[in-house]
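Participant: Could you look at this predicted model? Sequence included:
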Number of protein chains: 2
Amino acid sequence: MRYELYYWPGIQGRGEFIRLALEEARADYVDVVRQPRRKGMAAMMHILENTRINYLPFAPPFLKTGNLIIAQTANILLYLGPRLGLAPKTETKRLWAHQLQLTIADFVVEIHDVHHPISGNLYYHQQKREAKRLAGYFTQKRIPKFLDYFESVLNGNPKNSNCMLGRSLSYVDLSVFQVIAGLRYAFPKKIKKLELKFPRLVRLHDKIASRPNIAAYLASDRRLPFNNNDIFRHYPELDI
Amino acid sequence: MRYELYYWPGIQGRGEFIRLALEEARADYVDVVRQPRRKGMAAMMHILENTRINYLPFAPPFLKTGNLIIAQTANILLYLGPRLGLAPKTETKRLWAHQLQLTIADFVVEIHDVHHPISGNLYYHQQKREAKRLAGYFTQKRIPKFLDYFESVLNGNPKNSNCMLGRSLSYVDLSVFQVIAGLRYAFPKKIKKLELKFPRLVRLHDKIASRPNIAAYLASDRRLPFNNNDIFRHYPELDI
């Protein structure tokens, strides 16, 4: 089954959590909006604006496979996980994986809102004062709180596997990799200090980066570079 | 199977989306932290602080049933839905229900952030200026965008059932009820005008409110009143 991924072009964004799973599994997929000839954007907007469609998405990313459309990043991974061999086998463990993914999603919202505390309808420079104020709390309180939680999950894994859950790699590990890589880009000074406290997360990041399929993906032009139109943005004045 | 719900006392919060499902289904549950004798809070904190626990939650609400702990509101409803008769039967339709629930969750984050745009570690009065600025965009752009989406989903339901999906009531309908009720409390002026554009959402709200189990719940002291320590807060200066 071929998967069609629909997401905004030019950024990794939330689409990247899906791409990493598809790439690790070497799945047959097409990144629709990034195809040549620019028909992809029209196709995406057609789905978003067609209010009579089944399974109408509120926003990208969404995945199309046959007649099925699935939106919401964590929901897409809930669907793909078992099909790509990146999820545990039992319902209980799948709920646990999904719980972790939803906590990552919450963190991603907060990471985005650091540079857009007032509105997504405004540019960063129009909300820079508020962003600086928020960044003080975010870097002091929230980044350590989330990283501490994820480090605790790694430490508490009864299988001691350096995976987030159980013995085997899951889509959650790939998403944790993406968060660590993104935080390093956005808040290099802060993260450099913090990482000393979270050695398992760093090890997990490095392990994922060196997996053959992920390494090949990261070296390819399918992996967009981090940039300041994206969720993870590097504004030195926010790296407090 | 008895369900134990763990959530902060004194507010409806995210716990309310779970309570509404449990109440509609007349499930056997206990709202642990709200029990007399105050042992509930200690039990909740014990779970949150015990980093060696299986399925460690990042934050309340979480549900305990037997040895299983499930956190993240939408994840709890994903688990409970089929068990309470409040979810569709097929995987495809369950993913669709969950997609809608995650979009509601995104909306709830934004509703909360209107009064806390800078930090949850500060009081409202410490971030009032930023809140007022955010509220202008939120009431003009985001509330209409989300309500328009949910109204489109009701309109687009091929079963024309005045349910969010298919022919039967689901946990998603109960959550939409809660969002409409909360918005009416928080932004009464704005919502009074907007509701004219979203007649189906209003009808869904009213239909849910008059269901016998929900009506009995809303009239009981198990339903906490809306209040300004909660997600939905009424600050007239933000009702723009």
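Facilitator: On my side now, so go ahead. Note that the structure is predicted; figures quoted are calculated from it, not measured.
Participant: Please count neighbours and contacts with C-alpha atoms only from this point.
Facilitator: OK.
Participant: tell me the contacts of A:Phe58?
Facilitator: Residues counted as contacts of A:Phe58 (CA atoms under 8 Å, 6 or more residues apart in numbering or on different chains) are A:48, A:71, B:103, B:149.
Participant: Centre of chain A to the edge, which residue is at the far end?
Facilitator: Distance from the C-alpha centroid of chain A, by CA atoms, centre = their mean, peaks at A:Arg52 (29.1 Å).
Participant: Tell me how far that residue lies from A:Ser168.
Facilitator: 41 Å (CA to CA, to the nearest Å).
Participant: same question, A:Gln140
Facilitator: Plainly put, A:Gln140 is 33 Å away from A:Ser168 if you go by CA to CA.
Participant: So for the two, which sits in the more crowded spot?
Facilitator: Neighbours of A:Gln140 and A:Ser168, each counted by other CA atoms under 10 Å in any protein chain shown, are more numerous for A:Ser168; the result is 15 against 12.
Participant: tell me the SS of A:Pro88?
Facilitator: Using DSSP: H, G, I helix; E, B strand; the rest coil, the three-state assignment for A:Pro88 comes out as coil.
Participant: Go ahead and confirm it touches A:Pro82.
Facilitator: Yes. Using CA atoms under 8 Å, A:Pro88 and A:Pro82 qualify as a contacting pair, with a distance of 7.2 Å.
Participant: between the two, which one's more packed in?
Facilitator: The neighbour comparison of A:Pro88 against A:Pro82 (other CA under 10 Å) goes to A:Pro88, with 21 against 15.
Participant: Could you count how many residues lie near the nearest residue to the residue farthest from the centre of chain A once chain neighbours are set aside?
Facilitator: Closest residue in space to A:Arg52, ignoring its immediate chain neighbours: B:Gly156 at 4.9 Å, by CA to CA, 6 or more residues apart in numbering or on different chains. In terms of burial, B:Gly156 registers 19 neighbours under the definition other CA under 10 Å.
Participant: ok, and what's touching the longest helix along chain A?
Facilitator: Assignment by DSSP state H gives helix A:91-115 as the longest helix of chain A. Helix A:91-115 is contacted by residues A:74, A:78, A:87-88, A:124, A:127-128, A:131-132, A:134-135, A:138, A:146, A:165, A:170, A:172, A:175-176, A:179, A:231-233, B:55, B:58, B:68, B:70-72, B:75, B:79 when judged by CA under 8 Å, 6+ apart.
Participant: That helix: which residues count as buried?
Facilitator: When neighbours are counted by 16 or more other CA atoms under 10 Å in any protein chain shown, the buried residues of helix A:91-115 are found to be A:93-115.
Participant: now whatever helix or strand comes next after it and helix A:91-115, what's the angle there?
Facilitator: For helix A:91-115, the succeeding helix or strand toward the C-terminus, using DSSP states H and E, is helix A:128-137. Between the direction of helix A:128-137 and that of helix A:91-115, the angle (axes from the mean of the first three to the mean of the last three CA atoms, to 10 degrees) works out to 130 degrees.
Participant: what helices or strands is the helix or strand that comes right after helix A:128-137 leaning on?
Facilitator: Towards the C-terminus, the helix or strand next in line after helix A:128-137, according to DSSP H and E, is helix A:143-156. Under the contact definition 3 or more CA pairs under 8 Å, 6 or more residues apart in numbering or on different chains; DSSP states H and E, helix A:143-156 sits against helix A:199-209.
Participant: for A:Asp31, what are its contacts?
Facilitator: Here A:Asp31 is in contact with A:4-7 (CA under 8 Å, 6+ apart).
Participant: Kindly report the residues of chain A close to chain B.
Facilitator: The interface of chain A toward chain B, taken as CA under 8 Å from any CA of the partner chain, is made up of A:51-56, A:58, A:68, A:70-72, A:75, A:79, A:92, A:95-96, A:98-99, A:102-103, A:117-119, A:121, A:130, A:133-134, A:137-138, A:149, A:152-153, A:155-157.
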